[in-house]
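Participant: Let me see the structure of the following:
(chains A and B)
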There are 2 protein chains.
Amino acid sequence: MKEEDLIAYLLSQKGQKALDEGIGDDCAILVGKGGYTLLTTDALVEGVHFDRRYFSAYFLGRKLAVVNLSDMAAMGGCPQAALLTLGLPSPPEPAWVQEFFQGLLSRLGEFGAKLVGGDTVRNPGGIFLNLSLVGHATWAPVRRDKARPGEIIFVSRPLGASAAALELLQKGVSCPDPLIQAHLDPEPELLLGQALAQKQLISALIDISDGLALDLKRLCRASGVGAILFEESIPFHPLLSGLSLEAPPLHYALFGGEDYALLFTSPPASQDQLTNLTSSLGRILFPVGRICAETGLWLKTRHGDQIPLDAKGFDHFAFGHKPSS
Amino acid sequence: MKEEDLIAYLLSQKGQKALDEGIGDDCAILVGKGGYTLLTTDALVEGVHFDRRYFSAYFLGRKLAVVNLSDMAAMGGCPQAALLTLGLPSPPEPAWVQEFFQGLLSRLGEFGAKLVGGDTVRNPGGIFLNLSLVGHATWAPVRRDKARPGEIIFVSRPLGASAAALELLQKGVSCPDPLIQAHLDPEPELLLGQALAQKQLISALIDISDGLALDLKRLCRASGVGAILFEESIPFHPLLSGLSLEAPPLHYALFGGEDYALLFTSPPASQDQLTNLTSSLGRILFPVGRICAETGLWLKTRHGDQIPLDAKGFDHFAFGHKPSS
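Facilitator: Residues are numbered from 1 along each chain as shown, chains lettered A, B, ... in the order given. Okay, the predicted model is just below:
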């Protein structure tokens, strides 16, 4: 039983209007006076999501913030307040806790969020970190279920660096600093997500936490559409080409987890406005494919073939410690 | 480093107006248009808070809801939406998950809260359950820092049943059903908490999760006051008297954890109105002591002695699996 089976089961039990409330999306949505409240929660578990051999307390704190901030970015929301559950295997070592909080509070603070509460518990098996993040938006949050055939698919930056770094870190071999940073301290796309949502230039939005292929499949499934990715257009981090990795760079871009780039769809008619908006933010976007009516996911290769793409990605139960290959 | 040291450290790092925002209280408080948003989070960990030998998936789901609902009751708030993090040691067994959700959703639903999102992760060491609960109040939430000397201390029901049941369950000996229910499926005091907050008849409010002595100490410390408890007035569950337990019933009432009764203070001048309110709810209250100016905690025994009370309670790191004795 995978996470998505759990969500499906849960929805079947409740008879709720799933995506109207953001259930199964990056954040849940509560509609209130003065706008929308957005809610998300994400955990990092020792031995599953990280290893203390290469993950310091400071960067763990930052990453715990980022995985949640990225969910907020993926709705176009503004983070506000966070609750921490800190599960530790033994009485906490003050220096470790101090560095962890420095990391967590620094990342939350950059985006205007405060840590307002939490729980500390013993977890015999290892470190278990959970953060819940509350945010708001005065504009309508962008869900993942409104992509339409003919729309263009974008990613917000080159992909694959985090998964490649993880492979090298786990082997204990050297890894270029920018890749290590992509894994330990990825950048959440809050400003971009907020701008895209506020300007209403995009139809569906998700963050890439489990690989482009799998997260695109999720967006397509929610929208009832399919997608074609163009091999030549998929951007991967330039440093990946020079490394001795187990797979070609495209593999990491398609199936590597924890990029925390944004993935979204936009109608062709909005392209000029979209370009103006991103230019004003000093950003460029990467068009990677097209939405199609037929459900499914395909890769159009550089040789012109169109092959079905098996949307593998990171499933904690199915694959354990490392992203699937 | 205990939970309260962590909170103290955290507050020292941030320079926040701690209790104005509910930090260190049962819920954090966000002030917004149309009222107050209340936030809380609480975890249950296998081998620390429960043992699957005596805790079924259904009752775990219910208890996870209750520990959070009780925090909401302890501010006088109305629960609204919850986020679940479900950490499991191996791929989930569908029947277990189904029963867990039935329990969780049943308890949340009784009090008007919906499960709106979550995360599922692998936790190698055992089951790790975390719930974050969002609520609201149109009246001012009742904090724990406004108790004043001369006020009367109340608890909302007899205490000690949960801790006594835990002792018997862990020994594997028979235990009366009402006590087992007090441990597996305690009743959160939401209606009472909301009524007390709405009518503004009380000064400080907390729920008893870690024992009367320890939670009263917390209320007193936040308020900068002390308290005297009257031995003869402390109510314990009547079934405790007839059982073969390791300590006398008063011990469980003072130091036993997980009662989830409310503990609050009220000025003498409000007593008539308070009695009218609780009568209208079909409830009685138990006055157990008085707030005093001198900081500290004392027990006035049935023999008229006044002895300092060492506020032991449940500390996950200090005592491990069972409530301290």
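
Participant: burial of the closest residue to chain B within chain A, as a residue count?
Facilitator: Among all residues of chain A, A:G125 sits closest to chain B, at 1.4 Å; criterion: CB to the nearest CB. To be clear about C-beta, it is placed using only N, CA and C from the backbone, and glycine gets the same treatment. For A:G125, the count of nearby residues is 21 (other CB atoms under 10 Å in any protein chain shown).

Participant: Please apply the same query to A:D42.
Facilitator: 25.

Participant: so it is in which element?
Facilitator: According to DSSP states H and E, A:D42 maps onto strand A:35-45.

Participant: Pull the contacting residues for A:A253.
Facilitator: For A:A253, the contact set (CB atoms under 8 Å, 6 or more residues apart in numbering or on different chains) comprises A:P158, A:L159, A:G160, A:L212, A:I234, A:P235, A:F236.

Participant: Show me which of these are buried.
Facilitator: A:P158, A:L159, A:G160, A:L212, A:I234, A:P235, A:F236 (16 or more other CB atoms under 10 Å in any protein chain shown).

Participant: Most widely separated two among those?
Facilitator: Farthest pair in the buried ones among the contacts of A:A253 (CB to CB) is A:P158 and A:L212. Separation: 10.9 Å.

Participant: Domain map for chain A?
Facilitator: If you go by automatic domain parsing, the domain ranges for chain A are A:3-137, A:152-319.

Participant: closest to B:L245 out of these?
Facilitator: B:L245 sits nearest to domain A:3-137 of all the domains of chain A, at 25.2 Å, using CB to CB.

Participant: picking that back up, adding secondary structure, write the buried ones among the contacts of A:A253 out as CSV.
Facilitator: Below are the buried ones among the contacts of A:A253 laid out as CSV (DSSP: H, G, I helix; E, B strand; the rest coil):
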residue, secondary structure
A:P158, coil
A:L159, strand
A:G160, coil
A:L212, helix
A:I234, coil
A:P235, coil
A:F236, strand
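
Participant: And the strands in chain A, which stretches?
Facilitator: A:28-32, A:35-45, A:78-88, A:114-122, A:128-137, A:152-155, A:204-207, A:226-230, A:262-266, A:286-292, A:296-300, A:306-308 (DSSP state E).

Participant: Please convert the ones you listed to a markdown table, extending it with mean pLDDT and distance to chain B.
Facilitator: Converted to a markdown table, those look like this (pLDDT from 0 to 100; distance: least, CB to the nearest CB, whole Å):
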| stretch | mean pLDDT | distance to chain B |
| --- | --- | --- |
| strand A:28-32 | 91 | 3 |
| strand A:35-45 | 96 | 4 |
| strand A:78-88 | 97 | 4 |
| strand A:114-122 | 93 | 4 |
| strand A:128-137 | 97 | 4 |
| strand A:152-155 | 98 | 23 |
| strand A:204-207 | 98 | 14 |
| strand A:226-230 | 98 | 25 |
| strand A:262-266 | 98 | 19 |
| strand A:286-292 | 98 | 25 |
| strand A:296-300 | 96 | 23 |
| strand A:306-308 | 94 | 26 |
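
Participant: out of those, nearest to A:L192?
Facilitator: When these are compared by CB to CB, strand A:262-266 sits nearest A:L192, at 6.1 Å.

Participant: got the contact list for the closest one?
Facilitator: Outside strand A:262-266, the residues that touch it by CB under 8 Å, 6+ apart are A:73-74, A:142, A:147-148, A:151-156, A:189, A:192-193, A:196, A:201-208, A:212, A:215-216, A:219, A:223, A:274, A:291.

Participant: Can you select the buried ones from those in ChimeraX?
Facilitator: Only the buried entries of the contacts of strand A:262-266 go into this ChimeraX selection, using 16+ other CB under 10 Å:
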select /A:73,74,142,147,151,152,153,154,155,156,189,192,193,196,201,202,203,204,205,206,207,208,212,215,216,219,223,274,291
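
Participant: residue contacts, A:G256?
Facilitator: Residues near A:G256 by CB under 8 Å, 6+ apart: A:L159, A:G160, A:S162, A:A163, A:A164, A:G211, A:P323.

Participant: give the contact list for the first one.
Facilitator: Contacts here follow CB under 8 Å, 6+ apart; on that basis A:L159 touches A:I208, A:L212, A:I234, A:P235, A:F236, A:H237, A:Y252, A:A253, A:L254, A:G256, A:D259, A:A261.

Participant: Okay, and the beta partners of the closest residue to A:V142 other than its chain neighbours?
Facilitator: Spatial nearest neighbour of A:V142, excluding adjacent residues (CB to CB, 6 or more residues apart in numbering or on different chains): A:L205 at 4.1 Å. A:L205 has these beta-bridge partners by DSSP bridges: A:F264.

Participant: Run a quick check on the residue of chain A closest to chain B versus B:G126, I expect a contact.
Facilitator: Yes. In terms of CB atoms under 8 Å, A:G125 counts as a neighbour of B:G126; the distance is 6.0 Å.

Participant: that older thread, out of the buried ones among the contacts of A:A253, who's nearest B:L285?
Facilitator: Of all the buried ones among the contacts of A:A253, B:L285 sits closest to A:L212, with 59.5 Å by CB to CB.

Participant: With A:P91 as the reference, measure out to that closest one.
Facilitator: Counting by CB to CB, to the nearest Å, the separation of A:L212 from A:P91 is 42 Å.

Participant: what's the answer for A:R143, then?
Facilitator: 43 Å.

Participant: Comparing those two, which shows the higher neighbour count?
Facilitator: A:R143 (25 against 13).

Participant: For that one, grab phi and psi.
Facilitator: Here is the backbone geometry of A:R143 (degrees, to the nearest 10): phi -90, psi -180.

Participant: Can you list the low-confidence ranges for chain A?
Facilitator: Flagging of chain A using pLDDT under 70 yields the residue ranges A:1-20, A:311-325.

Participant: go again using 90 as the cut-off
Facilitator: The model of chain A has pLDDT under 90 over residues A:1-24, A:32-34, A:90-94, A:242, A:310-325.

Participant: And the helices in it?
Facilitator: Assigned by DSSP state H, the helices in chain A fall at A:3-14, A:57-73, A:94-110, A:161-171, A:177-184, A:190-199, A:212-223, A:249-255, A:271-280, A:316-319.

Participant: And these: which comes nearest B:F100?
Facilitator: Once those are compared by CB to CB, helix A:3-14 is nearest, at 10.3 Å.

Participant: related to what we said a few turns ago, for the residue of chain A closest to chain B, which non-adjacent residue is closest in space?
Facilitator: Of all residues not flanking A:G125 in the chain, B:G125 sits nearest, at 1.4 Å (CB to CB, 6+ apart).

Participant: likewise A:P141?
Facilitator: That would be A:M75: by CB to CB, 6+ apart, it lies 4.1 Å from A:P141.

Participant: Counting neighbours, what do you get for that neighbour?
Facilitator: By other CB under 10 Å, 30 other residues sit near A:M75.

Participant: Ok, the one 10 residues further on next?
Facilitator: As a burial measure, A:T85 scores 26 neighbours (other CB under 10 Å).

Participant: for A:G61, same thing?
Facilitator: Neighbourhood size, A:G61 [other CB under 10 Å]: 26.

Participant: Test of understanding: give the bridge partners of the residue lying closest to A:V116 once chain neighbours are set aside.
Facilitator: Of all residues not flanking A:V116 in the chain, B:A28 sits nearest, at 3.5 Å (CB to CB, 6+ apart). Under the criterion DSSP bridges, B:A28 forms beta bridges with B:L39.

Participant: picking up where we left off before, who does the strand holding A:D42 touch, helix- and strand-wise?
Facilitator: strand A:28-32, helix A:57-73, strand A:128-137, strand B:78-88, strand B:114-122, strand B:128-137 (3 or more CB pairs under 8 Å, 6 or more residues apart in numbering or on different chains; DSSP states H and E).

Participant: pretty sure A:G289 contacts A:E231?
Facilitator: No. Between A:G289 and A:E231 there is no contact under CB under 8 Å: 9.7 Å.

Participant: quick one, which of the two is more surrounded?
Facilitator: A:G289 (24 against 18).
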